[in-house]
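> Task: produce atomic coordinates for the following.
(one chain, ligands or ions: 1)
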Amino acid sequence: MSRTVVLVDAVRTPFGKAGSMYSGTRADDLMVRAMRGLLERNPKVNPGDIEDVAIAAATQTGDQGMNLGRSASLLAGLPNTVPGYSVDRWCAGALTATTSLAGAIAIGSIDIAIAGGVEHMGNHPIGDGLDPNPRFLAERIVEQDALAMGATAERLHDRFPQLTKERADRYAYNSQMKTAAAYAAGKIQRDLIPTAARIPEMGWGIATVDEPPRPTTTMEGLSTLKTPFRAAGRVTPGNSSGLNDGATAALLASEDKAKELGLTIKAKLVSYAFAGVEPEVMGFGPVPSTIKALAKAGLKISDIGAFEVNEAFAVQVIAFLDHFGIADDDPRVNPYGGAIAVGHPLASSGIRLMLNLARSFEEHTDVRYGLTTMCIGLGMGGTVIWENPHFTGGSK
Ligand SMILES: CC(C)(COP(=O)(O)OP(=O)(O)OC[C@H]1O[C@@H](n2cnc3c(N)ncnc32)[C@H](O)[C@@H]1OP(=O)(O)O)[C@@H](O)C(=O)NCCC(=O)NCCS
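Down below sits the predicted model:
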């Protein structure tokens, strides 16, 4: 049995700089806000009809512990009859929450579900509390660089010398400019749920926009930044995603259920795949996962008319684009900018890609297929291919 799975809607909190506007806000409260915002936007969904909730976080302790799927559901006011679980595939947490629930919907176990992801990198700095098995290094299962994401990005520059720092900086600059243009046109704010922000010294406020974007970025400014991951390296704070706090949530359903309830259908899931690569070049992961997902869908890369590629690092995005012969500034790719500008609260980002793709689908009814893809720590990639429900025929 296989049924069509649809993205009904997706939202997110504004993203903050780690430990800044959300320094006094709990991670689980960010998650709850995203879930409540999602349900408020979709009043035709009776919360009691949600059949499962899967919430991701890369660090699952403290305010991201306690099985977020269950605890955030109860805190969000879902009836206690709605079950929930937590998911971890590092940066692809929300992507995996989506694909896991989609699998359950496709085989008919459930009809309607919420996927989400949160990361409060202020409360949970990358690597905090980790205890990598000494065998990793002692037995050279991985090299030291594999354990530091910025170092894996430097390795991509080493492996593909045509991916110069200048190209990475140019890509990053464009991401900032595209985000600024999307903000100016009101294209980002519409999917942000106003969220209580608290800085202990300053008190409460309401966040309505992302904090990280730097619209005044220049190529000259980017060229002078330090390279924190390697002396005289090429990866800088300007061409990397930052350290951020935020949450995302998505409503998924079987196509039949969405139609029965009269829900919006923003995208139809076509196929998905995860794949592994050498952990030292983790940023290359989206290449094999995309090849796999395309094969499963019976599609070619030229069939894809809209791309949402997570920008963990600029070099990793251009490695992906280079592989498929797509220009660094191809207008089909991340038209509203990406994580370099708006931030990358690790496990939450997969759903940010989906909500952007859904907006691109609305804008481009000549586009039939789009994809969301991201690299994942310790050498993986994940890709989901989606079909545009607004497709009216045309070139792609
Ligand atoms: C790269 C990284 C180490 C930088 O951290 P940071 O030092 O907190 O970054 P900041 O935002 O303070 O930026 C550092 C400097 O660069 C400057 N800078 C950053 N972006 C800039 C831009 N677009 N233009 C000009 N200057 C910029 C900042 O102003 C700051 O300057 P200052 O030191 O004079 O104040 C951190 O963001 C990081 O680890 N990113 C990767 C996260 C990651 O691995 N995610 C998982 C992916 S798989």
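> Mind pulling the model confidence for the residue of the stretch 251-396 of the chain found nearest the ligand?
Nearest residue of the stretch 251-396 of the chain to the ligand: Ala312, at 3.7 Å (CB to the nearest ligand atom). Yep, even glycine has a C-beta here, placed from its N, CA and C like the rest. If you check Ala312, the pLDDT there is 98.
> was I right about it contacting Gly283?
Yes: using CB atoms under 8 Å, Ala312 is in contact with Gly283, at 6.5 Å.
> residues shared between the contacts of those two?
Taking CB atoms under 8 Å, 6 or more residues apart in numbering as the contact rule, Ala312 and Gly283 both touch Ala153, Cys375.
> tell me which parts of this structure are close to the ligand?
Taking CB under 6 Å from any ligand atom as the contact definition, the chain meets the ligand at 91, 126, 149-150, 214, 217, 221-222, 225, 228, 237-238, 240-243, 312, 344, 377.
> what do you get if the cut-off is 8 Å, keeping everything else the same?
Residues of the chain lying close to the ligand (CB under 8 Å from any ligand atom) are 17-18, 90-91, 126, 148-150, 152, 172-173, 176, 214, 216-218, 221-222, 225-226, 228-229, 235-238, 240-243, 282-283, 312-313, 340, 344, 346, 375-377.
> Quick check on those residues: which are buried?
17-18, 90-91, 126, 148-150, 152, 172-173, 176, 214, 217, 222, 229, 235-238, 240-243, 282-283, 312-313, 340, 344, 346, 375-377 (16 or more other CB atoms under 10 Å).
> Okay, and which of the residues of the chain next to the ligand map to helices?
Those of those mapping onto helices are Met149, Gly150, Thr152, Ala172, Tyr173, Gln176, Gly221, Leu222, Ile340, per DSSP state H.
> got the contact list for the fourth one?
What it means is Ala172. With CB under 8 Å, 6+ apart, Ala172 has these contacts: Thr217, Leu222, Gly238, Asn239, Ala314, Ile340.
> can you check the second one too?
For Gly150, the contact set (CB under 8 Å, 6+ apart) comprises Pro228, Phe229, Val235, Ser240, Phe313.
> any idea which element Ala11 lies in?
Heads up, residue 11 is Val, not Ala. Element membership of Val11, judged by DSSP states H and E, is strand 5-12.
> any idea how far that strand is from the chain center?
13 Å (CA atoms, centre = their mean, to the nearest Å).
> which stretches of the protein form strands?
5-12, 16-17, 52-56, 84-87, 112-120, 195-199, 203-207, 244-254, 267-276, 304-309, 369-376, 380-387 (DSSP state E).
> Summarise which helices and strands the first one is packed against.
Looking back up the chat, that one is strand 5-12. helix 27-41, helix 93-106, strand 244-254, helix 255-261, strand 267-276, helix 349-363 (3 or more CB pairs under 8 Å, 6 or more residues apart in numbering; DSSP states H and E).
> now the last one
In terms of contact count using 3+ CB pairs under 8 Å, 6+ apart, strand 380-387 is assigned the packing partners helix 93-106, strand 267-276, helix 286-297, helix 349-363, strand 369-376.
> Which of the ones you listed has the highest mean neighbour count?
strand 369-376 (a mean of 28; mean count of other CB atoms under 10 Å).
> Quick one: mean pLDDT for that one?
On average, strand 369-376 scores 98.
> Can you give me every residue that contacts Pro83?
For Pro83, the contact set (CB under 8 Å, 6+ apart) comprises Glu51, Asp52, Val53, Gly69, Arg70.
> Now do the phi/psi pair for it.
phi -80, psi 170 (degrees, to the nearest 10).
> Distance check, it against Asp52.
6 Å (CB to CB, to the nearest Å).
> same question, Leu378
Taken as CB to CB, the span from Leu378 to Asp52 is 27 Å.
> nearest residue to Thr287 other than its sequence neighbours?
For residue 287 the amino acid is Val, not Thr. With sequence-adjacent residues excluded and distances taken as CB to CB, 6 or more residues apart in numbering, Val287 is closest to His323, at 4.9 Å.
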